[in-house]
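*Asks:* Only the shape, not the letters, is given here:
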């Protein structure tokens, strides 16, 4: 199966510099692409790879058009990465086996659940009483949608996802834990994608909410009563503790943790492995991690950190001087 360069540009736009009849057999990374493959360059730092690439055609920004033409054919787009993303969608539309609407025979769907006729419920899924699955949504294998939870339209939910398990709520009493029943649900908007084995807990009293366009990677944990704003993206192994509010258009890097009851403003970007310990009320890029080091050196640095408060107080005393009260 293949597509010509002309077909790609006709479908997606952009400016083709080259023969529209050239056939593309595959999409490939720039450094390994061959004479019948299409690739892209979005970061100018890798322009040396562009010069050396054997790709049939490369998607580039206008600023790299002349450099790309020295090498061969190119498609010029204002946003090469987004253009490449749309190309992968086009490729899948033309070549992949279509996902059929309906409920797989091995799925368990409660009669009181509401499944849109255009949705697809995959093998071994469980959809419990009162759950709602929107139009065009795809649940892959072994997805669980618990009682009363809602998923909007055109969502993709990957294998092993659990939506609506009980949130982690317990009240201490006499050295024991008293369970707090989780009486809310989970509400997921439209065009959300949820990676494999991610868990989104139901709310304790109010619903956990995932707004439109959110993208969650594999193994993400969303605690009870969390709210995630539109078009926010979280990479693998992110953990968001209960009652945190994440704004719209945020990014949270892999392995980062957001503590409970905090608020992140719209447009906050959190680096991988960061632990967010206080609310971030302004957009920006935030990082908080202790650099990896030789263990002996790390222990010395950690010991020094414990003395910082005492050193701070000594410096303040010196600044006040001997005559300070």
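*Replies:* It's in. If you're wondering where the values come from, they're calculated on a predicted model, not measured in any experiment.
*Asks:* what's in contact with stretch 2-19?
*Replies:* Stretch 2-19 has contacts (C-beta atoms under 8 Å, 6 or more residues apart in numbering) with 20-25, 36, 38, 56-57, 59, 65, 68-69, 72-77, 83, 86-87, 90-91, 94. C-beta: built from backbone N, CA, C; applies to glycine.
*Asks:* let's see 7 Å
*Replies:* 20-25, 57, 69, 73-77, 83, 86-87, 90, 94 (C-beta atoms under 7 Å, 6 or more residues apart in numbering).
*Asks:* what does stretch 300-312 give?
*Replies:* Under the criterion C-beta under 7 Å, 6+ apart, residues residue 293 lie in contact with stretch 300-312.
*Asks:* what's the span of it from first residue to last?
*Replies:* Using C-alpha to C-alpha, to the nearest Å, one end of stretch 300-312 lies 19 Å from the other.
*Asks:* related to what we said a few turns ago, please indicate which of the contacts of stretch 2-19 are buried?
*Replies:* Among those, those classed as buried by 16 or more other C-beta atoms under 10 Å are 22, 24, 57, 73-77, 83, 86-87, 90.
*Asks:* Nearest to residue 176 among those?
*Replies:* Closest approach to residue 176 among these (C-beta to C-beta): residue 86, at 55.6 Å.
*Asks:* A helix includes that closest one, no?
*Replies:* Yes. Using DSSP: H, G, I helix; E, B strand; the rest coil, the secondary structure at residue 86 is a helix.
*Asks:* Tell me, how many residues neighbour the closest residue to it other than its chain neighbours?
*Replies:* Nearest non-adjacent residue to residue 86, counting by C-beta to C-beta, 6 or more residues apart in numbering: residue 12, 5.2 Å away. The burial count assigned to residue 12 is 17, neighbours taken as other C-beta atoms under 10 Å.
*Asks:* now swap in residue 256 and tell me
*Replies:* Neighbours of residue 256 under the rule other C-beta under 10 Å: 24.
*Asks:* Residue 125 now?
*Replies:* Residue 125: 24 surrounding residues under other C-beta under 10 Å.
*Asks:* contacting residues for it?
*Replies:* The contact partners of residue 125, by C-beta under 7 Å, 6+ apart, come to 107, 139, 141-143.
*Asks:* and the gap between it and residue 159?
*Replies:* According to C-beta to C-beta, to the nearest Å, residue 125 and residue 159 sit 9 Å apart.
*Asks:* any common contacting residues for those two?
*Replies:* 141-143.
*Asks:* In CSV: those, plus secondary structure, neighbour count and distance to residue 313.
*Replies:* Formatted as CSV, the shared contacts of residue 125 and residue 159 follow (DSSP: H, G, I helix; E, B strand; the rest coil; neighbours: other C-beta atoms under 10 Å; distance: C-beta to C-beta, whole Å):
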residue, secondary structure, neighbour count, distance to residue 313
141, coil, 16, 59
142, coil, 19, 56
143, coil, 26, 55
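*Asks:* With that, I have no additional questions.
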